[in-house]
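Peer 1: what would the 3D arrangement of this be:
(chains A and B)
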2 protein chains.
Amino acid sequence: MNGAESLVHTLLDGGVDVCFANPGTSEMHFVAALDHIPGMRCVLGLFEGVVSGAADGYGRMTGKPAATLLHLGPGLANASANLHNAKKARSPIVNVVGDHATYHVRYDAPLTSDVRGVARPFSHWVGGAAEARGIAEAGAQAIAAARAHPGQIATLILPADTAWGEADGPAAVPAIAEPEPIDPDALKAAVAALEDGGSAALLYIGGKTLRKEGLALAAAIAAKTGATVMAPTSNGRAERGAGIAAVERVPYVVELALDRLKGFRRAVLVEAKEPVGFFAYPGLPSRILPGETRPDLLAGPEQDGTAALRVLADAVGARVQDAPMPVLAYPDAPDGGALTAQALAQALAAHLPEGAIVVDESVSNGVHFWPMTATCAPHDWLQVTGGSIGIGLPLAAGCAVACPERRVIVLQADGSAMYTPQALWTHAREGLNVTTIILDNSAYAILAGEMTKVGANPGARARSMLTLDEPRLDWLSLAQGMGVPAARATDAASLSKALARSLTMPGPSLIDAVLA
Amino acid sequence: MNGAESLVHTLLDGGVDVCFANPGTSEMHFVAALDHIPGMRCVLGLFEGVVSGAADGYGRMTGKPAATLLHLGPGLANASANLHNAKKARSPIVNVVGDHATYHVRYDAPLTSDVRGVARPFSHWVGGAAEARGIAEAGAQAIAAARAHPGQIATLILPADTAWGEADGPAAVPAIAEPEPIDPDALKAAVAALEDGGSAALLYIGGKTLRKEGLALAAAIAAKTGATVMAPTSNGRAERGAGIAAVERVPYVVELALDRLKGFRRAVLVEAKEPVGFFAYPGLPSRILPGETRPDLLAGPEQDGTAALRVLADAVGARVQDAPMPVLAYPDAPDGGALTAQALAQALAAHLPEGAIVVDESVSNGVHFWPMTATCAPHDWLQVTGGSIGIGLPLAAGCAVACPERRVIVLQADGSAMYTPQALWTHAREGLNVTTIILDNSAYAILAGEMTKVGANPGARARSMLTLDEPRLDWLSLAQGMGVPAARATDAASLSKALARSLTMPGPSLIDAVLA
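Peer 2: Down below sits the predicted model:
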């Protein structure tokens, strides 16, 4: 058994049975091992950002790591923007990154780079082995690191000679680190904060608390104490819809966030850090809670927030059955009018199937989607957690691989889509049940807004960097070029019809929603 | 004057007047400064790998740096694979990377990452400023670093508050470091090596020696001493054609390289490192010169190799006028037959216009292009220097911006094209004179070959990672989707006709060459 084979067996034994791959020459022994050892589903991405974004989506939906397969430093670099998002989402991923044979690195061949240096900024764990007999053990450690609650990015560097050299066999995954338990003093402080704050208390919850149980617990605590429950602006995955307690998110725009949060004298953080501005602006604070409000940390992002909410609910005497719950209700589909962002949201809500996975990279046109769909049948909502655009289409691929029986709907801003359009090809190749809605405004609209904030009316050179209309991207052609059937909608009724049709079609499709 | 304005003035004063950009919110003050200060040509890329690859092409053709504009750590990460190529090409580039305001970093907002850590592996120089009054000075240092012979990647981190804060004014570029002079002892050793080696001596030249003067000097030295002149497999830019001394490149395939180099007892390196295998393979050496051959370094990659060749020519009594020169000759265009890689090369050679800039990312189908075009009118030949595929289309954009009066022809493997297809949109937006020939074999053919070397016949899982035919990419649609007119050629005659037509059309076009 060679090192590559020992690693593939280790991955499979450790429950890693999907590999999103973009391999190169130095990974051929690993590819050969994947080929002849049964059990791994291999999904090709034509660009590494597709690979890492798909692994993130898979991790968010299954709670367990997929592997990636990447080609040396530059391949890892191409994967890194979406690894950044995955790291902020605290998704579990095991990156397998091929490198030159250990003895070849010193010759500085063209593809030589500091692979560990490339890995470090976007990984929680980086490891490898100096010889084939160590690579299975390193792989087992990578799996354990990835699976540590709530999830970590583990990057395993696989020098070519550790893949082709003789190894002993697979290694067992070591014990997975338990999250730090809830501190009793922190619980006391949280109870005191909620008691003291009353209706001026914020219960700020994130991470895996944004699932049915955590949301119900938080809503029950709020009902009991008078606090308000809020979640971060962007979240890895939130369960929502009828029968799942609703949660408000902190607004993205700093001025709106400051206004919304201005009344909170006390705040309790659960699986979350203190909310801060997405960006800094001249004259605006980084902190968006009132200056004198110092939040109490009940559970940090690495802790089990749902467990924390359980003990907090007990401590304040809140009962889950008292939490207010949204009742199933759908808006009508729009039957006419212009294709505004609001009409698009209405159409989405009208047609949203039960169990849908909504991938939201809607950026500047997204404000209506969340409230409009609040009372639809239960569904999941996934966002861009690290602010690095270009994850929507890849994330959808990973979700669809993870949950083949569910419909994935991508709300995809056009400018953002162009960072990783190659994901459409993976949608087609794997026959994934993904409906992509391109929010087509032919501009980096969010930047045009930011430019205005800077106090400048964009002139010719600035407009040349903020518009996408010369030439206009033709999304029907782009989709067709990658094998995805596509339709264009230019008014609300045609959008509604195209969406309804797409949801009945197995496999991927794309709707170019040309916004009014 | 704010920091952004002081930096834009510093760049313009320092001769940096093209900015390849993919901006975000934290760069809006810099964008505003670019907008209202005249003089900078701003070229938008829809993905950061387009931006960095274009800056590389611009640097290779002009010898001076363009700026890039990138958005925080993830934007820089997306640019990094092509920065790797640019670093290996020793191209001058000034990366301007926006970051959070200095005081905002500690709050770990979603887009926060270790920007310096991201920059380090693919930069020669990394700098920044802690306040607006320092950013012009840091920019001036970045320009000096980028311009140091033969060219460096300088990454300037621009925190948002150093852009919007009050500054004093532009800074002057400090003295640019001179390359280390040629060591007289190294010259003596090189002369002795050539004398001792005779026809068993290799004169191995790289970098900027692969221009008309350096090539003539090397050819004259070889004619005088009996040595053989060779160049690396992949080079940033080589001048060639009628009237420019020809140079052979070391074969990519290690077995072929070992065979070609086996007779050389002595070797002299000029603006080059010792040739080594591109990858390591079981049972094959990393070094590809004979085991006992220890090369003499006359000039390293950071030194002025052309100056070194001048003194070496003097020392051995070689005269440039004695160098053999290719005489102008073109093959006929193929008038029928299958569209093989050889027929494609013949068509290219038959139609290659004088002054063409050939960007060669042909990968597995490229072997015929170089010899077939050896006696065409003078032209430039640019390659993938760092082995990171996905630079062809971006590089072409930068070449066309640098040399608007010349025709750029991209020999672009299909799999590689899909890493950065967004560059086609920049070709269209800027009306660049770029002819893209897609070498369409619907496979990672080079990997299929490597897989066979591993000794395995690819099974279903391996084939799923090595083929691009399910679904087949439709390059006509992809090009049309980004505004580039396209034609498909399925035989040699139609390819030849499409190529001839494309070369007369102003602006970009694409030919999908479906290989037999």
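Peer 1: contacts and neighbour counts: CA atoms only from here.
Peer 2: Will do.
Peer 1: and stretch A:444-461, which residues are buried?
Peer 2: Neighbour-count burial for stretch A:444-461, counted by 16 or more other Cα atoms under 10 Å in any protein chain shown, picks out A:Tyr444, A:Ala445, A:Leu447, A:Ala448, A:Glu450, A:Met451, A:Val454, A:Ala456, A:Pro458, A:Arg461.
Peer 1: show me what that stretch is in contact with.
Peer 2: A:363-364, A:415, A:466-468, B:24-25, B:28-29, B:32, B:34-36, B:41-42 (Cα atoms under 8 Å, 6 or more residues apart in numbering or on different chains).
Peer 1: just curious, which of these is nearest to A:Arg287?
Peer 2: Of all those, B:Thr25 has the smallest distance to A:Arg287: 18.1 Å, by Cα to Cα.
Peer 1: okay, now the closest one: neighbour count?
Peer 2: 23 (other Cα atoms under 10 Å in any protein chain shown).
Peer 1: before we move on, which element is the residue nearest the centre of chain A in?
Peer 2: Centroid check for chain A by Cα atoms, centre = their mean gives A:Gly236 as the closest residue, at 4.4 Å. For A:Gly236, there is no host helix or strand (DSSP states H and E).
Peer 1: A:Ala81 is in contact with A:Glu48, correct?
Peer 2: No. Using Cα atoms under 8 Å as the test, A:Glu48 is too far from A:Ala81 to be in contact (9.7 Å).
Peer 1: ok, the two, which is more surrounded?
Peer 2: Remark: of A:Glu48 and A:Ala81, A:Glu48 carries more neighbours, 32 against 29, as counted by other Cα under 10 Å.
Peer 1: that one: what's it in contact with?
Peer 2: Here A:Glu48 is in contact with A:Ala21, A:Asn22, A:Leu70, A:Gly75, A:Leu76, A:Asn78, A:Ala79 (Cα under 8 Å, 6+ apart).
Peer 1: what about the third one, distance to B:Thr420?
Peer 2: Separation of A:Leu70 from B:Thr420 (Cα to Cα, to the nearest Å): 17 Å.
Peer 1: which one's more surrounded, the two?
Peer 2: Neighbours per residue (other Cα under 10 Å) separate A:Leu70 from B:Thr420, with A:Leu70 holding more: 30 against 27.
Peer 1: what's near enough to touch the more buried one?
Peer 2: Counted by Cα under 8 Å, 6+ apart, A:Leu70 has contacts A:Ala21, A:Asn22, A:Pro23, A:Gly24, A:Glu48, A:Leu76, A:Asn95, A:Val96, A:Val97, A:Gly98.
Peer 1: and for A:Gly128?
Peer 2: Applying Cα under 8 Å, 6+ apart, one finds that A:Gly128 lies in contact with A:Ile135, A:Ala138, A:Gly139, A:Leu156, A:Ile157, A:Leu158.
Peer 1: partner residues bridging the residue nearest to it when sequence neighbours are not counted?
Peer 2: Distances taken as Cα to Cα, 6 or more residues apart in numbering or on different chains place A:Ile157 nearest to A:Gly128, at 4.7 Å, with adjacent residues excluded. Under DSSP bridges, the beta-bridge partners of A:Ile157 are A:Val97, A:Gly128.
Peer 1: write out the residues of the stretch 51-200 of chain A neighbouring chain B.
Peer 2: A:73-75, A:77-82, A:84, A:88, A:100-101, A:104, A:107, A:109-114, A:117-118, A:120-122, A:160-161, A:164 (Cα under 8 Å from any Cα of the partner chain).
Peer 1: does anything pack onto the host helix or strand of A:Ile221? Which helices or strands?
Peer 2: A:Ile221 belongs to helix A:212-225 when assigned by DSSP H and E. For helix A:212-225, the packing partners by 3 or more Cα pairs under 8 Å, 6 or more residues apart in numbering or on different chains; DSSP states H and E come out as strand A:201-205, strand A:228-231, helix A:305-316.
Peer 1: what lies in contact with that helix?
Peer 2: Defining contact as Cα under 8 Å, 6+ apart, one finds that helix A:212-225 is touched by A:194-195, A:198-199, A:203, A:205, A:208-209, A:227-229, A:239-240, A:244-247, A:305-306, A:309-310, A:312-313, A:316-324.
Peer 1: now do that helix and strand A:201-205, the angle between them.
Peer 2: Counting by axes from the mean of the first three to the mean of the last three Cα atoms, to 10 degrees, helix A:212-225 lies at 180 degrees to strand A:201-205.
Peer 1: distance between helix A:212-225 and the chain's centre?
Peer 2: Remark: helix A:212-225 is offset 24 Å from the chain centroid, using Cα atoms, centre = their mean, to the nearest Å.
Peer 1: run a quick neighbour tally on the residue nearest to the residue nearest to the centre of chain A when sequence neighbours are not counted.
Peer 2: Closest residue in space to A:Gly236, ignoring its immediate chain neighbours: A:Ala89 at 4.8 Å, by Cα to Cα, 6+ apart. Residues near A:Ala89, counting by other Cα under 10 Å, number 29.
Peer 1: quick check, A:Ala89 in contact with A:Ala238.
Peer 2: No. If you go by Cα under 8 Å, A:Ala89 and A:Ala238 don't touch, sitting 11.4 Å apart.
Peer 1: please convert the helices and strands packed on helix A:212-225 to JSON lines, extending it with mean neighbour count and distance to chain B.
Peer 2: Formatted as JSON lines, the helices and strands packed on helix A:212-225 follow (neighbours: other Cα atoms under 10 Å in any protein chain shown; distance: least, Cα to the nearest Cα, whole Å):
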{"stretch": "strand A:201-205", "mean neighbour count": "27", "distance to chain B": "16"}
{"stretch": "strand A:228-231", "mean neighbour count": "22", "distance to chain B": "14"}
{"stretch": "helix A:305-316", "mean neighbour count": "20", "distance to chain B": "20"}
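Peer 1: and of the ones you listed, who's closest to A:Phe369?
Peer 2: In terms of Cα to Cα, the element of these nearest to A:Phe369 is strand A:228-231, at 16.1 Å.
Peer 1: what's the lowest-pLDDT member of the contacts of stretch A:444-461?
Peer 2: Lowest in pLDDT among the contacts of stretch A:444-461 is A:Ser364, which has 77.
Peer 1: looking at the stretch 251-400 of chain A, which residue is nearest chain B?
Peer 2: For the stretch 251-400 of chain A, the residue closest to chain B is A:Gly386, as judged by Cα to the nearest Cα, at 4.5 Å.
Peer 1: now do that residue: how many residues are near it, please.
Peer 2: Neighbour count for A:Gly386, taken as other Cα under 10 Å: 26.
Peer 1: sorry, back to before: among the contacts of A:Leu70, which ones are in helices?
Peer 2: Those of these mapping onto helices are A:Glu48, A:Leu76, per DSSP state H.
Peer 1: widest-spaced pair of the contacts of A:Leu70?
Peer 2: Put simply, by Cα to Cα the two of those set farthest apart are A:Gly24 and A:Asn95, 14.5 Å from each other.
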